[in-house]
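Participant: Compute the structure for the input listed below.
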Amino acid sequence: MDLDERKQKILQAIIQDYITSAEPVGSRTIARKYNLGVSAATIRNEMFDLEMLGYLEQPHTSAGRIPSIKGYRFYVDCLLEPTQISEEEKRFVQSWFHDKMNNVDQIFQSTAKVLSKITHNVTLVMAAQQVSSKLKYIRFLPLDFRRAIMIVVTDSGQIENCIFPKPEDTDVDELNVIAEKLTHYLAGLPVSRINMEMLEQFHESIVGDLELYRLAFRSIHQAFRREQQLYKGGAMELLNKPEFKDVAKAKNLFTMLEEQDVMANLFNDGGQEPQKTVTVRIGEEANLSPINDCSIIEATFKANDVVLGKIAVLGPTRMEYAKIIGLLDFMKQHVTNILEHYHDDT
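Facilitator: Below you'll find the predicted structure:
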């Protein structure tokens, strides 16, 4: 059943009021605060109908109603108009990035932090590993008779390492000669592009044991076995939300936020509507069990037509959808511009 215009206006008023107050909303509140041109009794009857249709719920401790997941879904899909970011917020974002943009990792970290400060929710930024990792140099450190530690440093300051199986008759000085040659050939290349075929391109220039170079290439892949990097901000912001005053619920949330694989899967589950610039998953749609009263608003950002990663804001279902969607639209473009300029300069 489609909602008529009056029911839509009442549902929108209830959701907007509940987002602000976090308290169940009654018909008198709607009649007093919103100029809908109908009596409290009429609003009460419409609210009953909306409850029967599944758009509202009535907590057992209150006479007021709160939005259901279905109600939020209708609001986001049919009623919501994204709010434009204010000039003050734009200046805040621009100054924040200006002070903290020494490398690509800092761009992603700043994105997570500035969004959490404006939205007062958790912000997650999932960056493709190859975007933030151009090889800068390789170095070996001694470990024991059979092994060395291979250290790979990227232009973003990221440091990865792995155990390198050192042949008996090879010392660390010899390995570092190999490291210098590999650095000469590979510096400035995205780690994702370094493969065994590349070794064949310059094997004629290699002096020494070719097998050691093969081992080095394999070790680079081992050091960068993660395909994505996750940046988080604003976890403590949620403790100020009424929804997380319950200690057990807060504990579940913080435990979940610390699980890298779980957080990565949040993004993987969000690609069902690629045609949309911003996607919204509400309640159980977000797959955040055992915490089902949260929502995720997510945007994909690109530079030069290449997907760089995703930005997501995680918070209670009672989040400011209109403001956050508008903010993500702005941030998506802002971060894209920064990254395009960054890569043009590097």
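Participant: So for the helix or strand harbouring Cys162, what gets flagged as buried?
Facilitator: Cys162 belongs to strand 159-165 when assigned by DSSP states H and E. Within strand 159-165, the residues scored as buried using 16 or more other CB atoms under 10 Å are Glu160, Cys162, Phe164. (Glycine included, C-beta is placed from N, CA and C.)
Participant: cool, stretch 324-342 as well?
Facilitator: Within stretch 324-342, the residues scored as buried using 16+ other CB under 10 Å are 324-332, 334-336, 338-339.
Participant: can you list those residues in a markdown table and add secondary structure?
Facilitator: A markdown table is the format used below for the buried residues of stretch 324-342 (DSSP: H, G, I helix; E, B strand; the rest coil):
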| residue | secondary structure |
| --- | --- |
| Ile324 | helix |
| Ile325 | helix |
| Gly326 | helix |
| Leu327 | helix |
| Leu328 | helix |
| Asp329 | helix |
| Phe330 | helix |
| Met331 | helix |
| Lys332 | helix |
| His334 | helix |
| Val335 | helix |
| Thr336 | helix |
| Ile338 | helix |
| Leu339 | helix |
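Participant: closest to Asn45 among these?
Facilitator: Proximity of the buried residues of stretch 324-342 to Asn45 (CB to CB) peaks at Ile325, which lies at 31.8 Å.
Participant: Now that closest one. Nearest residue, chain neighbours left out?
Facilitator: Closest residue to Ile325 apart from its sequence neighbours, by CB to CB, 6 or more residues apart in numbering: Pro82 at 4.4 Å.
Participant: what is the mean pLDDT for the strand holding Cys162?
Facilitator: The average pLDDT within strand 159-165 is 78.
Participant: Output the contacting helices and strands for the following helix or strand past that strand.
Facilitator: Of the helices and strands lying after strand 159-165 in sequence (DSSP H and E), the nearest is helix 172-186. Applying 3 or more CB pairs under 8 Å, 6 or more residues apart in numbering; DSSP states H and E, one finds that helix 172-186 makes contact with strand 135-142, strand 147-154, helix 210-223.
Participant: Would you map the strands across the protein?
Facilitator: Assigned strands in the chain, in chain order: 56-57, 66-67, 122-128, 135-142, 147-154, 159-165, 228-233, 278-282, 294-303, 306-316 (criterion: DSSP state E).
Participant: For the ones you listed, give me a markdown table that also has distance to Glu197.
Facilitator: What follows is these, written out as a markdown table (distance: least, CB to CB, whole Å):
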| stretch | distance to Glu197 |
| --- | --- |
| strand 56-57 | 59 |
| strand 66-67 | 55 |
| strand 122-128 | 21 |
| strand 135-142 | 16 |
| strand 147-154 | 19 |
| strand 159-165 | 21 |
| strand 228-233 | 24 |
| strand 278-282 | 37 |
| strand 294-303 | 26 |
| strand 306-316 | 21 |
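Participant: Which one, of the ones you listed, ends up nearest to Asp17?
Facilitator: strand 66-67 (10.0 Å).
Participant: now Phe164: how far from Glu180?
Facilitator: Relative to Glu180, Phe164 is positioned 15 Å away (criterion: CB to CB, to the nearest Å).
Participant: cool, and Lys90?
Facilitator: Distance from Lys90 to Glu180, by CB to CB: 46 Å.
Participant: how deep is His120 tucked in, by neighbour count?
Facilitator: Neighbour count of His120, defined by other CB atoms under 10 Å: 16.
Participant: Now for the residue nearest to it when sequence neighbours are not counted: which residues touch it?
Facilitator: Spatially, and ignoring its direct neighbours in sequence, His120 is nearest to Glu237 (4.7 Å; CB to CB, 6+ apart). Contact analysis of Glu237 by CB atoms under 8 Å, 6 or more residues apart in numbering lists Ser116, Thr119, His120, Asn121, Val122.
Participant: shouldn't the first one be in contact with Thr123?
Facilitator: Yes: with contacts defined as CB atoms under 8 Å, Ser116 counts as touching Thr123 at a distance of 4.3 Å.
Participant: Flag the shaky bits of the stretch 101-250 of the chain, pLDDT-wise.
Facilitator: 101-105, 128-133, 156-158, 192, 202-209, 222-228 (pLDDT under 70).
Participant: how near is the residue of the chain most remote from its centre to Glu211?
Facilitator: Most distant residue from the mean C-alpha position of the chain: Asp169, 47.3 Å away (CA atoms, centre = their mean). From Asp169 across to Glu211, the span is 13 Å (CB to CB).
Participant: Same check on Thr277?
Facilitator: Counting by CB to CB - Thr277 and Glu211 are separated by 49 Å.
Participant: on that earlier part again, any idea how far the residue nearest to Ile325 is from Glu284?
Facilitator: Distance from Pro82 to Glu284, by CB to CB: 24 Å.
Participant: Tell me which of the two has more neighbours.
Facilitator: Ranked by neighbour count (other CB under 10 Å), Pro82 and Glu284 place Pro82 first, with 16 against 12.
Participant: quick one: contacts for that one?
Facilitator: The neighbours of Pro82, taking CB under 8 Å, 6+ apart as the test, are Ala322, Ile325, Gly326, Asp329.
Participant: And the residue lying closest to Glu23 once chain neighbours are set aside, how far from Lys70?
Facilitator: In space, and not counting its chain neighbours, Glu23 is closest to Gly64: 7.0 Å by CB to CB, 6+ apart. Distance, Gly64 to Lys70, using CB to CB: 18 Å.
Participant: Appreciated, that's everything.
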